[in-house]
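>>> Model the following, please.
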Amino acid sequence: MSTGPQIGRDVDRIDAHAKVTGSARYSAEQHPPGTAYAVLVGARIARGRVTGIDTSAALAVDGVLAVLTHRELPRIATKPVVIPSLAGTSAHGQSLFPMQDDRVHYAGQPVAMVVADTLERAEHAAELVEVDYAEEPSVTTIEQGRDDAFEPERIFGGIVPGRTERGDVDQGMREADVVLERVFHLAANHHNPIETSAATAVWEDAKLTLYDTTQGPTATRLSVAELLGIPPSDIRVVSEFVGGSFGSKAMIWSHPTLAAMAAQYVRAPVTLSLSREQMFTGSGHREEQEHTLTLGARQDGTLTALRHRKLSPTSPYDDWAEPSISPVSQLYTCPNFHGVYNLIRANTMTPTFMRAPGEASGAFVVETAMDELAYELGIDPIELRLRNHADTDPETGQPWSSKGLRECYQRGAELFGWALRDPIPRSRRDGNWLVGSGMASALYPVYTPMSPQRARARVYADGRAVIETGASDFGTGVGTIMGQVAADALGMETEAISVRYGDTDLPNTVAAVGSAGSGAVSAAVHTAATALREHLVAQAVADPESPLHGADPSRVQVSEGRMFLSERPANGESYTDLLRRHMMFDAEALGEWEPPGQDTGYGMATFGAQFAEVGVDPDLGLVRVRRLTGVFAPGRVLNRKTARSQLLGGMLWGVGQALLEATHMEPRQGRWANASLAEYLVPVNADAPDIEVEMIEVEDRVVNPLGVKGIGEVGQVGVAAAIANAVFHATGRRFHDLPITIESVLARI
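The predicted structure is shown next:
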């Protein structure tokens, strides 16, 4: 049994045993008696109309219960509205719901759904559905739609302006001694979590239970309720185990509602699970991007102006783009800034959040350009960043709630051995390998929910406690930190506390997105557990039979489930003693944390510094990342083991972004050409370098009661730039396109 404070300890994940032994049951593994299976049929054209569907062969397959098309599927009650899932409302991934008419807007859009008594029969029957189309010309790439680009009023679910300005950029460029303009191209990316998106729908009379792969059970509940036109109270969503997300399960796509519709149609439970290929057209993606960045600086390296234009495809019906301009605007002090988003109406589904949405791409752009500026002026890259360090938020002029970036630079340089680096490109070899090193800054905004966050704490007379909240744990370890936070607030050991989560029958929390999950859930749990402790202490001091009778409650401490006076530790009693004396089986409290919102008077972000060493084989074009070092300032660290795991995962994602991950569009057909894990490349163990991670705790009294800022995404930010800068140091050649491929290296060196 552990003793002392539980927050900050290396605590093993509470779900680890269930996952490694296979006893964890995921949404597609929930099979009530009589469960049927639904399989989607996707459109084979990128734009046009469905002119005919022949379902006769599919319906003739043994065990097929139904084939639903736009002719049979019920009409939805309301058109979906895209709202980010942190809002605490419905969170539709796109405003299009499939099979409501005969229009096709993108390849892979569902045009039919087969339901059968086994998955194999449903898959076989789906292949027999014959669809005829009237095909129309499509636009699927930046090059195809460049001439028709437009400037949206707002992007990112309506929360980010389409244009950001401060100062006079033209004047700032005139004042500059050096002006650099660079164009960057980033390939489209897809999430590919180990568990594909899935839902199992079970109707009992008019009540619906959904087992959904989601980052936000409440978001699923509200979204499906809107589309079906039923009260949210008639829907329960369970999401105890989620096999990864990275943003693909942050918004609510069509599959849970389609599963519910199919279950209602065939009058049986239905499981609908997307195939791996359908994940490329069923749950969003990071869009193809072109960035044009112009920066002006004085001879001493201080920035005078930044101009940033981002061009990217969106769907025909939603204005979505990653907010990549925000990190460029916010990372460094610069008096003159102009940023604008340009969108192309393309035949693709609406893009969505993907790990570090905006920050991963924006940081690559600005941090590569800053490295070029450092070489242009003969200034060390870290020194250049320090000369432009933003002591206040450049966008608002407000102080930071906490920062720690200078400390990250210093500690990262020490760990990496930056001072030993010869800054001259191509100056280091290891056999045939050219060896180089690079660095970059990282930041990720602190998002806070827009609605109150709730949790329930209960202590039993047997000395154990239970903490409950509706949040889902999709691999981040939220369930584990719930127990740690409650243990400290209640003065108990973590081993004495059980947790329940991932169910809308439990107290409501918003979707755990935007690295906000730990901050929101820990605040709610802390509030609930603190309220329960204070209730029990108040009961003890009011009880004439208690050793604490008449004591000042503020002087009562709790440790190992025992209440005592700080000046007389022997004078006290346990929760168990109090409850049993009052013949109480348990005591509970509901805690509610009211988030501060974004208008706090402070800039709020998590910062870090990334360092990379690479080897480049000039004959084969190979780039191998040898070492990564990351130092981050995430506020208060709740669990160092799970925090380090999140940062390691994020840094490996950065390796994928830099060198491997790209989804290629075949523009003539308007389809993704490599929609499988055989051809969409992600880092594997052989690609993993030596990684060193360190965290610097900084006090933050603004973001939430425990000062937790979140780390799920900042670990990726800056990695691609650090690697690209290291490749330049190794080869003397700049790479402005991601990923940096063998072909591009051979073409340049």
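
>>> Can you give me the pLDDT of Pro569?
We have a pLDDT of 88 for Pro569.

>>> Shouldn't it be within a helix?
No: when classified by DSSP: H, G, I helix; E, B strand; the rest coil, Pro569 is found to be coil rather than part of a helix.

>>> mind listing the helices for the stretch 501-650 of the chain?
Counting by DSSP state H, counting those that start in this stretch, one finds helices in the stretch 501-650 of the chain at the ranges 517-541, 575-581, 640-659.

>>> again, but for the stretch 101-250 of the chain
Taking DSSP H, counting those that start in this stretch as the criterion, the stretch 101-250 of the chain carries its helices at 119-128, 142-145, 169-175, 217-228.

>>> again with the stretch 251-400 of the chain
Secondary structure of the stretch 251-400 of the chain, counting by DSSP H, counting those that start in this stretch: helices at 255-266, 279-282, 325-330, 359-377, 381-387.

>>> In CSV, list those along with mean pLDDT and distance to Thr448.
Where C-beta positions appear, they are placed from N, C-alpha and C, glycine not excepted. Conversion of the helices of the stretch 251-400 of the chain to CSV gives the following (pLDDT from 0 to 100; distance: least, CB to CB, whole Å):
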stretch, mean pLDDT, distance to Thr448
helix 255-266, 98, 26
helix 279-282, 97, 30
helix 325-330, 96, 16
helix 359-377, 98, 17
helix 381-387, 98, 27
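
>>> Which of those sits closest to Arg174?
Arg174 lies closest, by CB to CB, to one member of those: helix 359-377, at 17.5 Å.

>>> Can you get me the start-to-end distance on stretch 183-193?
For stretch 183-193, the separation between the terminal residues is 31 Å (CA to CA, to the nearest Å).

>>> which non-adjacent residue is nearest Arg428?
Val435 (4.4 Å; CB to CB, 6 or more residues apart in numbering).

>>> In the sheet, which residues pair with Ile235? Tell me.
Beta bridges link Ile235 to Leu208 when assigned by DSSP bridges.

>>> Quickly note the distance from it to Met354.
Shown here: Ile235 relative to Met354, a distance of 28 Å by CB to CB, to the nearest Å.

>>> neighbour-wise, which of these two wins?
Taking neighbours as other CB atoms under 10 Å, Ile235 and Met354 compare with Met354 leading, 27 against 23.

>>> I'd like the distance between that one and Asn342.
As defined by CB to CB, Met354 lies at a distance of 20 Å from Asn342.

>>> coming back round to it: the residue nearest to Arg428 against Glu613, yeah?
Yes: counting by CB atoms under 8 Å, Val435 touches Glu613, with 6.8 Å between them.

>>> Compare these two (neighbour count), which wins?
Neighbour totals were compared for Val435 and Glu613, and Glu613 leads with 25 against 19 (other CB under 10 Å).

>>> Without its sequence neighbours, what residue ends up closest to that one?
Leaving aside its sequence neighbours, Glu613 is closest to Arg627 (4.2 Å, by CB to CB, 6+ apart).

>>> Test of understanding: give the bridge partners of the one you found.
With DSSP bridges as the criterion, the beta-bridge partners of Arg627 are Glu613, Asp690.

>>> Neighbours of it, how many?
Applying other CB under 10 Å, we find 17 residues neighbouring Arg627.

>>> Identify the contacts common to Val435 and Glu613.
Common neighbours of Val435 and Glu613, using CB atoms under 8 Å, 6 or more residues apart in numbering, are Arg626.

>>> Just the C-alphas of the helix or strand bottoming out on mean pLDDT in the chain, formatted as PDB.
None of the helices or strands of the chain scores lower by mean pLDDT, DSSP states H and E than helix 16-21, at a mean of 91. Extracted in PDB, the C-alpha atoms of helix 16-21 (Å, rounded to 0.1, in the frame of the first residue of the first chain):
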ATOM      1  CA  ALA A  16      -4.100  -2.300 -18.100                       C
ATOM      2  CA  HIS A  17      -5.000  -5.800 -16.800                       C
ATOM      3  CA  ALA A  18      -8.300  -5.900 -18.700                       C
ATOM      4  CA  LYS A  19      -6.700  -4.700 -21.900                       C
ATOM      5  CA  VAL A  20      -3.700  -7.000 -21.900                       C
ATOM      6  CA  THR A  21      -5.700 -10.100 -20.900                       C
END
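
>>> Mean pLDDT and distance to Glu376 added to the helices of the stretch 101-250 of the chain, as JSON lines?
Converted to JSON lines, those look like this (pLDDT from 0 to 100; distance: least, CB to CB, whole Å):
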{"stretch": "helix 119-128", "mean pLDDT": "98", "distance to Glu376": "57"}
{"stretch": "helix 142-145", "mean pLDDT": "97", "distance to Glu376": "28"}
{"stretch": "helix 169-175", "mean pLDDT": "98", "distance to Glu376": "15"}
{"stretch": "helix 217-228", "mean pLDDT": "96", "distance to Glu376": "47"}
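
>>> okay, now the nearest residue in space to Ile481 that is not next to it in sequence: neighbour count?
Counting by CB to CB, 6+ apart, Ile481 lies nearest to Leu638, which is 4.4 Å off, once chain neighbours are set aside. Summarising burial for Leu638: neighbours were counted as other CB under 10 Å, giving 28.

>>> Strands along the stretch 601-749 of the chain, start to end?
Along the stretch 601-749 of the chain, the segments classed as strands by DSSP state E, counting those that start in this stretch run 605-617, 622-633, 665-666, 671-672, 690-695, 737-738.

>>> ok so, going back, confidence score at the residue nearest to Glu613?
98.

>>> shift numbering so it begins at 9
Noted, 9 is the first residue going forward, which turns the last one into Arg635.

>>> Touching, it and Phe424? I think so.
Yes: Arg635 lies in contact with Phe424 (CB under 8 Å); the separation is 7.4 Å.
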